[in-house]
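Enquirer: Below are the sequence and a predicted model for it; my questions follow.
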Amino acid sequence: MALYESDHTKFMREMLAKHPEWLEDQRRGRAIFWDRKVDLSEQKSYREASETHRSYPYDVNFEQQ
């Protein structure tokens with residue numbers, strides 16, 4: 001029994017077979033956002049520095065105390 005493969009997956013397999021240089025571009029693009037070490041202390045400081053959200057920010061008469 002054959003497994004289902006979407007049209008998009010088939011298209012991408014064909015294009016990558018025709019253009020193998022795209023694989024390196026794909027790896028570099030992925031490394032920009034995904035393949036990075038996460039600094040937990042930096043992430044914590046960002047969370048602590050951010051302001052809390054107002055319950056209803058569009059109410060001009062609402063005064064946050």
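Expert: That came in fine, so what should we check first? A quick note: this is a predicted structure, and the numbers were derived from the prediction, not measured.
Enquirer: rest of the way, CA atoms for contacts and neighbours
Expert: Will do.
Enquirer: Can you tell me how far the residue nearest the centre of the chain is from Lys18?
Expert: Centroid-nearest residue in the chain, with CA atoms, centre = their mean: Phe33, separated by 6.8 Å. Distance of Phe33 to Lys18, given as CA to CA, to the nearest Å: 26 Å.
Enquirer: And for Arg27?
Expert: In this view, Arg27 and Lys18 are 17 Å apart by CA to CA.
Enquirer: which residues in the protein form strands?
Expert: Under the criterion DSSP state E, the chain carries no strands.
Enquirer: starting at the chain centroid, how far to the helix or strand bottoming out on mean pLDDT in it?
Expert: The helix or strand of the chain with the poorest confidence is helix 40-49; it has a mean of 87 (mean pLDDT, DSSP states H and E). Relative to its chain's centre, helix 40-49 lies at 19 Å (CA atoms, centre = their mean, to the nearest Å).
Enquirer: Give the buried residues for it.
Expert: Going by neighbour count (16 or more other CA atoms under 10 Å), nothing in helix 40-49 comes out as buried.
Enquirer: which helices and strands does it pack with?
Expert: For helix 40-49, there is no helix or strand it packs on, judged by 3 or more CA pairs under 8 Å, 6 or more residues apart in numbering; DSSP states H and E.
Enquirer: and the gap between the residue sitting furthest away from the middle of the chain and His8?
Expert: Within the chain, Asn61 marks the point farthest from the mean C-alpha position, 36.7 Å out by CA atoms, centre = their mean. According to CA to CA, Asn61 and His8 sit 51 Å apart.
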